[in-house]
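[1] sequence first, predicted model second:
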Amino acid sequence: MKIRVLVRPKAGILDPQGEAVKNALPALGFEGVHTVHVGRLVEMEVERSDEVDAMCRRLLSNPTIEEYEWEVIG
Amino acid sequence: MRIGVTVFPGSNCDRDALYGVERMGAEAVELWHADADLKGVDAVIVPGGFSYGDYLRPGAIARFANVMGPLEEFARDGGPVLGVCNGFQVLTEAHLLPGALLRNTNMRFVCDRVRVRVETVDTLWTAGCDPGEELTLPVAHNEGNYFADPETLSRLEEEGRVVLRYLENPNGSANDIAGVCNEGRNVVGIMPHPERVSDPALGSDEGLRILRSVLVGAGV
């Protein structure tokens, strides 16, 4: 099965990448952008999904600074 | 004293660290990432670089290398471990040190010399320094912005576990923190590179103040 994992900075944690993108958008003429957060997308094909949570906690995300969610996409 | 230096794919300060160990008057031992063996060393330095290309997050993959198993056991038994730059990131990922290193707030790679103050001499890697001593050390990093939740930060401050503090913050790190230690005070992680200033021929040997401390700290 195919799994899609989304990892992003925890709420309230400084996200310099998001800030840089937010500041770059008006320079291209895109107005009204209030917040941008940059995360990471991981897609995997796995035999079973019961260990995906453990994969997310131990390697794919750092629980100190990031949160994750995942879904089966096929 | 025999001091091991871990070598991961992408480590790039390992040679400097090995040289620094020789300069401090100890025997330098390379510890290959794939070998779950510390070769009986008395202390370990996890050097800087871009282990595993910084893929996923700096230190995230190195943290599971074979050498890390015995290293974690060594650290938990009180053995002296120093993580420098990427080594600091590896030690936080391995939960041997609290917190994490985020991107520098200005999104720039910082490569400079910075002034830092030694905030505690009660660690195995600062025991030879003077309290409040100021050092000029090189930094070179993209993720040196120390982060920990507010409770952890207050605990670190209360317990005197901030080891080095920037006099001018180059990366946005919380409380100007340049280095911290674990509860046992044997594991220290710092962003500045003492091994790059271990010889007057390199412009300074102030880094030996940190490296040589382990000889005092470990009672050799």
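    Structure received.

[2] for whichever helix or strand A:Ala20 is part of, buried residues please.
    In this assignment (DSSP states H and E), A:Ala20 forms part of helix A:16-24. Using 16 or more other CB atoms under 10 Å in any protein chain shown as the test for burial, helix A:16-24 gives A:Pro16, A:Gly18, A:Glu19, A:Lys22. Where you see a C-beta, it was placed from the backbone N, CA and C, and this is true even at glycine.

[3] of those, closest to chain B?
    Set against chain B, the nearest of the buried residues of helix A:16-24 by CB to the nearest CB is A:Pro16 (4.3 Å).

[4] contacting residues for the nearest residue to that closest one once chain neighbours are set aside?
    Among residues not flanking A:Pro16 along the chain, B:Arg103 sits closest, at 4.3 Å (CB to CB, 6 or more residues apart in numbering or on different chains). By CB atoms under 8 Å, 6 or more residues apart in numbering or on different chains, B:Arg103 lies in contact with A:Pro16, A:Gln17, B:Asn142, B:Glu143, B:Asn145.

[5] between those, which is nearest A:Met1?
    For the contacts of B:Arg103, the closest approach to A:Met1 (CB to CB) belongs to A:Gln17, at 30.3 Å.

[6] count of neighbours near the closest residue to that closest one other than its chain neighbours?
    In this structure, A:Gln17 finds its nearest non-sequential neighbour in A:Val38, 4.0 Å apart by CB to CB, 6+ apart. By other CB atoms under 10 Å in any protein chain shown, 15 other residues sit near A:Val38.

[7] tell me the SS of A:Val38?
    Secondary structure assignment for A:Val38 (DSSP: H, G, I helix; E, B strand; the rest coil): coil.

[8] with B:Glu183 instead?
    Per three-state DSSP, the secondary structure class of B:Glu183 is coil.

[9] please list all residues in contact with it.
    B:Glu159, B:Arg161.

[10] please apply the same query to B:Val110.
    Taking CB under 8 Å, 6+ apart as the test, what B:Val110 contacts is B:Asn104, B:Val139, B:Ala140, B:His141, B:Asn142, B:Gly144, B:Pro170, B:Asn171.

[11] so which residues of chain A form strands?
    A:2-9, A:40-45, A:66-72 (DSSP state E).

[12] swap in chain B?
    All strands of chain B, identified by DSSP E, fall at B:2-7, B:27-32, B:43-46, B:81-84, B:100-102, B:110-118, B:134-141, B:145-147, B:162-166, B:177-181, B:187-190.

[13] before we move on, back to that, deepest of the strands of chain A, which one?
    Among the strands of chain A, strand A:2-9 has the highest mean neighbour count (mean count of other CB atoms under 10 Å in any protein chain shown), at a mean of 17.

[14] and the average pLDDT for that strand is what?
    For strand A:2-9, mean pLDDT rounds to 96.

[15] neighbouring strands - and their directions - for that strand?
    Paired strands of strand A:2-9, with direction, are strand A:40-45 (antiparallel), strand A:66-72 (antiparallel) (DSSP bridges).

[16] as JSON lines, those with mean pLDDT would be great.
    Converted to JSON lines, these look like this (pLDDT from 0 to 100):
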{"stretch": "strand A:40-45", "mean pLDDT": "97"}
{"stretch": "strand A:66-72", "mean pLDDT": "97"}
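
[17] now the ones you listed in TSV, with distance to B:Val121?
    Output for the strands paired with strand A:2-9, formatted as TSV (distance: least, CB to CB, whole Å):
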stretch	distance to B:Val121
strand A:40-45	40
strand A:66-72	35
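
[18] and the contacts of the helix or strand bottoming out on mean pLDDT in chain B?
    Of all helical and strand segments in chain B, the minimum by mean pLDDT, DSSP states H and E falls on helix B:213-217, at a mean of 89. Here helix B:213-217 makes contact (CB under 8 Å, 6+ apart) with B:1, B:3, B:24-26, B:43, B:80, B:82, B:123-129, B:220.

[19] farthest pair within those?
    Within the contacts of helix B:213-217, B:Gly25 and B:Thr123 form the most distant pair, 19.9 Å apart (CB to CB).

[20] show me what contacts B:Leu208?
    By CB under 8 Å, 6+ apart, B:Leu208 lies in contact with B:Gly20, B:Arg23, B:Met24, B:Pro194, B:Ser198.
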